[in-house]
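Sequence below, structure please.
(one chain, ligands or ions: 2)
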Amino acid sequence: MKTQVAIIGGGPSGLLLSQLLNRAGVATVILERSSRDHVLSRIRAGVLEAGTVALLREAGVGARMDREGLPHDGCFVSDDDLMIRIDFKALTGSTVTVYGQTEVTTDLYAAQDAMGTTILHEVSDVVIHDADSNAPFVTFTHDGAPARLDCAYVAGCDGFHGVSRKTIPADKRQEFEKVYPFGWLGVLSRTPPANDELIYANSANGFALASMRNAALSRYYVQVPLTDRVEDWSDERFWAKLQSCLPSDVAGTMVTGPSIEKSIAPLRSFVNEPLRWGRLFLVGDAAHIVPPTGAKGLNLAASDVFYLYHGLVDALTKGDATGIDAYSARALARIWKAMRFSWQMTMMLHRFDGEDAYAAQMRKATLLHLSQSETARRDLAENYIGLPY
Ligand code: APR
Ligand code: PHB
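Residues are numbered from 1 along each chain as shown. Ligands and ions are numbered 1, 2, ... in the order given. Next up, the predicted model:
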């Protein structure tokens, strides 16, 4: 097989990159390790920056998002019973859209099917060869048979556990990592959301987040020790913990019900530099991970795709390599600012086991300042709605 851009990974990064490239006349083949059902069963954050919304529209996948996505003009940050409204619209002129990552991925698969793009599922043994030459190729196993894909460029969109990052020799790259001593236990339930807007809650009992998918579907999280397992958390225990973290009037009026999904995710900050080795480019979670506290994961993947898509189109259709040469530095500049924001939000809102009394006072002071200073709220809003590309 032969194509222009071989894309490893059929998550949101790989699908969006492929879709934009195809619309610009560039051929792609996507190699995905899992089945489509498996990719679509993963539940991830659901907040899209205006830049991500614009890029999805540009990719021709905006119709359902525009119909079903919920525009949010603001969110709340709380500290016990203190509710702090962050008015994105008034502070920045922009808003975010609540639309689940699963829906984004579903829409991208439908668009890629309509485009006739080759997406091979359940491929294994993916190896990227000669990425530092002018003739890279990828070998893999599909339907029990060995296969080879020749290409001009390789896009590594295969997530944190993929092969692309590890293809770059260790002496040609650097990893930066911070692992947090807790995870998020997430629950999806067919109940109306506790509040019209998201609530990021700090409390004496730790962090909680009240989010949603639509008027009848809620998504909630509480922080849990990394040693906890999902089986440790009955629905009753989850709701009691959540209600002990949310402001009491919200906790007192919210509707609870059976969970329809429950999972624990560890929190991590991670960046690999650079994002390029020869003709191989890293995109999305293959290159960086943020803790979910600022909902930046999918949005950062989208800005990576934006830079790389323009660079690859210029290189392949105009023979202009400026964009691909600048890709790593341009994407990393934005990535590090989102790393900083996600880290700061995480530190502001979570209780760290074994922390001293001083740390808790720092969080209280930060949140009190946020409630009293429009400048502080504008800074949060500016980062939350997404820094410019
Ligand atoms: N070969 C082929 N495919 C692979 C391999 C491999 N060796 N390893 C992983 N994959 C696939 C995974 O099965 C997955 O479908 O790559 C895909 C990567 O998808 P994601 O992990 O969703 O990463 P990405 O597309 O960059 O999306 C970023 O997803 O993880 C969230 O918070 C993140 O919202 C952000 C978004
Ligand atoms: C979610 O709805 O799943 C969600 C929203 C915001 C976050 C993280 C997760 O910061």
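
so which helix or strand takes in R44?
Per DSSP states H and E, R44 falls between elements, in no helix or strand.

Next one: the nearest residue to it once chain neighbours are set aside relative to ligand 1, how far apart?
The shortest distance from R44 to any non-neighbouring residue, by C-beta to C-beta, 6 or more residues apart in numbering, is to Q101 (4.0 Å). Quick note: C-beta positions are derived from backbone N, CA and C, even for glycine. From Q101 across to ligand 1, the span is 5 Å (C-beta to the nearest ligand atom, to the nearest Å).

Check whether Q101 really touches L15, as I assumed.
No. The pair Q101 / L15 is not scored as a contact, 11.2 Å apart, by C-beta atoms under 8 Å.

Those two: who's more crowded?
L15 (29 against 20; other C-beta atoms under 10 Å).

Next, that one: secondary structure please.
Recorded secondary structure, L15: helix (DSSP: H, G, I helix; E, B strand; the rest coil).

Find me the pLDDT at it, would you?
L15 carries a pLDDT value of 98.

what do you get for I86?
According to the prediction, I86 has pLDDT 98.

That one and H72 touch, don't they?
No. Under the criterion of C-beta under 8 Å, I86 is not in contact with H72, lying 10.3 Å apart.

So which of those two has more stuff around it?
Comparing I86 with H72 by other C-beta under 10 Å, the one with more neighbours is I86, at 23 against 19.

Beta-bridge partners for the more buried one, please?
C75 (DSSP bridges).

W184 too?
Going by DSSP bridges, W184 is paired in beta bridges with Q223, A265.

Repeat that for the one 5 residues further on.
Going by DSSP bridges, S189 is paired in beta bridges with S218, S259.

isn't L209 right up against L198?
Yes. In this structure, L209 is within contact of L198 by C-beta under 8 Å, at 6.8 Å.

Could I get the contacting residues of the residue nearest to R44?
Under the criterion of C-beta atoms under 8 Å, 6 or more residues apart in numbering, the neighbours of Q101 are 12, 42-46, 298.

how does it look with 10 Å?
11-12, 42-48, 295, 297-298, 301 (C-beta atoms under 10 Å, 6 or more residues apart in numbering).

next one: R23
The contact partners of R23, by C-beta under 10 Å, 6+ apart, come to 58-60, 111, 115, 309, 313.

Of those residues, which pair is most distant in space?
A111 and V313 (17.6 Å; C-beta to C-beta).

now stretch 317-330: how far from the chain's centre is it?
Distance of stretch 317-330 from the chain centroid (C-alpha atoms, centre = their mean, to the nearest Å) equals 24 Å.

do stretch 178-191 as well
For stretch 178-191, the separation from the chain centroid amounts to 14 Å (computed by C-alpha atoms, centre = their mean).

Then stretch 364-372?
With C-alpha atoms, centre = their mean, you get 27 Å for stretch 364-372.

List the contacts of it.
Stretch 364-372 is contacted by residues 77-80, 82-86, 202, 344, 347-349, 375-377, 379-380 when judged by C-beta under 10 Å, 6+ apart.

Keep only those of the residues you listed that are in strands.
Secondary structure from DSSP state E places 77-79, 82-86, 202 of the contacts of stretch 364-372 in strands.

Narrow those to those that are buried.
Neighbour-count burial (16 or more other C-beta atoms under 10 Å) applied to the ones in strands among the contacts of stretch 364-372 gives 77-79, 83-84, 86, 202.

closest to I264 among the residues you listed?
I264 has its nearest neighbour among those in N202, at 20.0 Å by C-beta to C-beta.

Am I right that that closest one is in contact with A359?
No. Using C-beta atoms under 10 Å, N202 is not in contact with A359, being 11.8 Å away.

That'll do, ta.
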